[in-house]
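Peer 1: the following block contains a protein sequence and its predicted model.
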Amino acid sequence: MSKSSTVTLRENPVQEVTSAKAGGLTIHGETFIVQTDQRIELIDLTNRVMEFVRRFNIREGIVSLWSMHTTCTLFINEFQTALLSDIKRFLEQMVARDAEWMHNDPNLSDCDRMNADSHLRALLLGHSLTLQISGGEVVLGQWQRILMAELDGPRARSLRVQLFGVS
Amino acid sequence: MSKSSTVTLRENPVQEVTSAKAGGLTIHGETFIVQTDQRIELIDLTNRVMEFVRRFNIREGIVSLWSMHTTCTLFINEFQTALLSDIKRFLEQMVARDAEWMHNDPNLSDCDRMNADSHLRALLLGHSLTLQISGGEVVLGQWQRILMAELDGPRARSLRVQLFGVS
Amino acid sequence: MSKSSTVTLRENPVQEVTSAKAGGLTIHGETFIVQTDQRIELIDLTNRVMEFVRRFNIREGIVSLWSMHTTCTLFINEFQTALLSDIKRFLEQMVARDAEWMHNDPNLSDCDRMNADSHLRALLLGHSLTLQISGGEVVLGQWQRILMAELDGPRARSLRVQLFGVS
């Protein structure tokens, strides 16, 4: 039984900025860096994503947000300070940090971050969002905010953003 | 600490119907309204989505469904009456409605719906689905149904549907 | 109250292989078969998906993975043997197999698989992933693996893979 984790290797690393155009379709990709300050932290990325999309002349299409990490997730919810505390408490209740997880046992795992709870909490939230673009802007309801959940910080996290559509 | 929720403001509201064409690619967006009758309710949208997709001449592509709300979610499961009751019971067990959530405390939150449970249950299910279209129809397995979970009804809910593909 | 499950009927079955091209955009779909050996099993599909994407000359785009089943899900996490055991234990803890689920009661449900737990566990993980393609390869972080969770095996499972992009 291997104690190590499988590494994902591309032939070439993801480029900082990528663009492709074909027959009126534009695809544009970039990386966002988000610095976190706490072990568990919820960060509102809505304005950053909305402003990014407005910079490109894509009228109708989609925008994909992808967390490049296993313990950093993306989800939609309301941004209200008390509710954010409830969400953090809920994640802590659903997955006990100090349960006897095998991933935290040095006899069974090379990982020295003791972060089984972070991996399990990430299962519940998911690592990506695929949003619509319409009228040149992201489609979101009045109370919907694009939130990132840092589950094993503080760290500098990378998110990849890809626009896909026609102008 | 703010008691209010951040509002998401587009420069222009999402249009009822949008269309774009470029080089053989068609993108078409519309809004579905779904009226719910109970606080927690599971609604089968499969036939409505399948019929919508068949109306457009898109042979291969994707269709995005997006709930415009924080307490109304979309997911895939089997539609069997007893199972739907199990799903509702499971959501109620996972998040207790009457726990002391801060979002329900008028000293901490402007929200007067007492719906912290709805927000937390929404975390587990997610707010969107991105499905494949192939052969002019939605790709779904024999027992897969597109379900909407109303988590804080009854209300009239808006879903945005966007087709993206070639004919 | 019906004991049976609603069946999803397309006018024509999904074709094994589909392709469309328009104005520089390529869309290509295929079915992967994955044989599972246990009731609950986690399978790493990363290499298979990465190799599949590299075979097509799509430089920038997206790839959608869709499980054709209600009790077989797709998600992102780290592939480390002890962590996989933790994930299985967590799913078993979150949803008790032997609770009195109505879907397992022959008076209420035609289903004879006694698999309410599988359906409820699937709610937590979701049935699809929409990933980015950039530089001709899938965009994934160093520790991210594309995992399939068999929740009611052993069975032969079908996943539909759709590429969408420009070369």
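Peer 2: Noted; the coordinates are in hand.
Peer 1: partners of residue A:165 in the sheet?
Peer 2: According to DSSP bridges, the partner residues bridging residue A:165 are residue A:26, residue A:61.
Peer 1: and residue A:8, that one's in a strand?
Peer 2: No. Residue A:8 is assigned coil when assessed by DSSP: H, G, I helix; E, B strand; the rest coil, not a strand.
Peer 1: where do the strands sit along chain A?
Peer 2: Remark: strands assigned in chain A by DSSP state E are A:17-22, A:25-35, A:41-44, A:60-67, A:72-77, A:128-134, A:137-138, A:145-150, A:156-166.
Peer 1: now mean pLDDT and distance to residue B:95 too, for these, in a markdown table please.
Peer 2: (C-beta placed from N, C-alpha, C; glycine too.) Shown next, in a markdown table, are the strands of chain A (pLDDT from 0 to 100; distance: least, Cβ to Cβ, whole Å):
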| stretch | mean pLDDT | distance to residue B:95 |
| --- | --- | --- |
| strand A:17-22 | 94 | 40 |
| strand A:25-35 | 97 | 27 |
| strand A:41-44 | 98 | 17 |
| strand A:60-67 | 98 | 24 |
| strand A:72-77 | 98 | 13 |
| strand A:128-134 | 98 | 22 |
| strand A:137-138 | 98 | 28 |
| strand A:145-150 | 98 | 17 |
| strand A:156-166 | 97 | 27 |
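Peer 1: need those in JSON lines (columns: mean neighbour count).
Peer 2: Formatted as JSON lines, the strands of chain A follow (neighbours: other Cβ atoms under 10 Å in any protein chain shown):
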{"stretch": "strand A:17-22", "mean neighbour count": "16"}
{"stretch": "strand A:25-35", "mean neighbour count": "18"}
{"stretch": "strand A:41-44", "mean neighbour count": "18"}
{"stretch": "strand A:60-67", "mean neighbour count": "24"}
{"stretch": "strand A:72-77", "mean neighbour count": "23"}
{"stretch": "strand A:128-134", "mean neighbour count": "24"}
{"stretch": "strand A:137-138", "mean neighbour count": "21"}
{"stretch": "strand A:145-150", "mean neighbour count": "24"}
{"stretch": "strand A:156-166", "mean neighbour count": "21"}
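Peer 1: of the ones you listed, which is nearest residue B:157?
Peer 2: Checking the strands of chain A against residue B:157 by Cβ to Cβ gives strand A:72-77 as the closest, at 14.4 Å.
Peer 1: run the angle between that closest one and strand A:156-166 for me.
Peer 2: Angle between the axes of strand A:72-77 and strand A:156-166 is 60 degrees (criterion: axes from the mean of the first three to the mean of the last three Cα atoms, to 10 degrees).
Peer 1: is strand A:72-77 positioned near chain B?
Peer 2: Yes. For strand A:72-77 and chain B, the contact criterion (Cβ under 8 Å from any Cβ of the partner chain) is met by A:75-77.
Peer 1: for stretch A:137-148, same thing?
Peer 2: Yes. With Cβ under 8 Å from any Cβ as the criterion, chain B is reached by stretch A:137-148 at A:137-145.
Peer 1: ok, so of those residues, who is nearest residue C:61?
Peer 2: Checking the residues of stretch A:137-148 next to chain B against residue C:61 by Cβ to Cβ gives residue A:138 as the nearest, at 19.8 Å.
Peer 1: mind listing what the closest one touches?
Peer 2: Shown in contact with residue A:138 (Cβ atoms under 8 Å, 6 or more residues apart in numbering or on different chains): A:49-50, A:53, A:63, A:131-132, B:10.
Peer 1: okay if I get these as a markdown table plus distance to residue C:106?
Peer 2: What follows is those, written out as a markdown table (distance: Cβ to Cβ, whole Å):
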| residue | distance to residue C:106 |
| --- | --- |
| A:49 | 49 |
| A:50 | 52 |
| A:53 | 52 |
| A:63 | 47 |
| A:131 | 43 |
| A:132 | 43 |
| B:10 | 51 |
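Peer 1: now the two most distant members of the residues of stretch A:137-148 next to chain B.
Peer 2: A:137 and A:143 (16.5 Å).
Peer 1: residue A:84 and residue A:42 touch, don't they?
Peer 2: Yes. Counting by Cβ atoms under 8 Å, residue A:84 touches residue A:42, with 5.0 Å between them.
Peer 1: check contacts around the most centrally placed residue in chain A.
Peer 2: Nearest to the geometric centre of chain A sits residue A:67, at 3.4 Å (Cα atoms, centre = their mean). Taking Cβ under 8 Å, 6+ apart, we find residue A:67 in contact with A:73-74, A:127-128, A:148, A:157-159, C:141.
Peer 1: is chain C within reach of stretch A:45-56?
Peer 2: No. If you take Cβ under 8 Å from any Cβ as the test, stretch A:45-56 misses chain C, and the best it gets is 13.8 Å.
Peer 1: list the buried residues for that stretch?
Peer 2: Residues A:45-46, A:49-50, A:52-53, A:56 are the ones in stretch A:45-56 that count as buried (16 or more other Cβ atoms under 10 Å in any protein chain shown).
Peer 1: for chain B, see how far away residue A:65 is.
Peer 2: 12 Å (Cβ to the nearest Cβ, to the nearest Å).
Peer 1: how about the contacts made by that residue?
Peer 2: Residues near residue A:65 by Cβ under 8 Å, 6+ apart: A:45, A:49, A:74, A:128-131, A:146, A:159-161.
Peer 1: beta partners of it?
Peer 2: Beta-bridge pairing of residue A:65 under DSSP bridges involves residue A:129, residue A:161.
Peer 1: how far off strand A:72-77 does the longest helix anywhere in chain A point, in degrees?
Peer 2: In chain A, taking DSSP state H as the definition, the longest helix is helix A:81-94. Interaxial angle of helix A:81-94 relative to strand A:72-77 (the same axes, to 10 degrees): 130 degrees.
Peer 1: just give me how far helix A:81-94 sits from the chain centre.
Peer 2: From the chain centre to the centre of helix A:81-94 is a distance of 18 Å (Cα atoms, centre = their mean, to the nearest Å).
Peer 1: what is it packed up against?
Peer 2: Where contact means 3 or more Cβ pairs under 8 Å, 6 or more residues apart in numbering or on different chains; DSSP states H and E, helix A:81-94 is packed against strand A:41-44, helix A:116-125, helix B:116-125.
Peer 1: what's the nearest residue to residue A:122 if we skip its chain neighbours?
Peer 2: Spatial nearest neighbour of residue A:122, chain neighbours left out: residue A:73 (5.0 Å); criterion: Cβ to Cβ, 6 or more residues apart in numbering or on different chains.
Peer 1: show me what contacts that neighbour?
Peer 2: Applying Cβ under 8 Å, 6+ apart to residue A:73 gives the contacts A:67, A:121-122, A:125-127, A:148-149, A:151.
Peer 1: can you do 10 Å?
Peer 2: Neighbour list for residue A:73: A:67, A:91, A:118, A:121-129, A:147-151, C:76 [criterion: Cβ atoms under 10 Å, 6 or more residues apart in numbering or on different chains].
Peer 1: same check on residue A:137?
Peer 2: Residues in contact with residue A:137, defined by Cβ under 10 Å, 6+ apart, are A:50, A:53-54, A:58-59, B:9-14.
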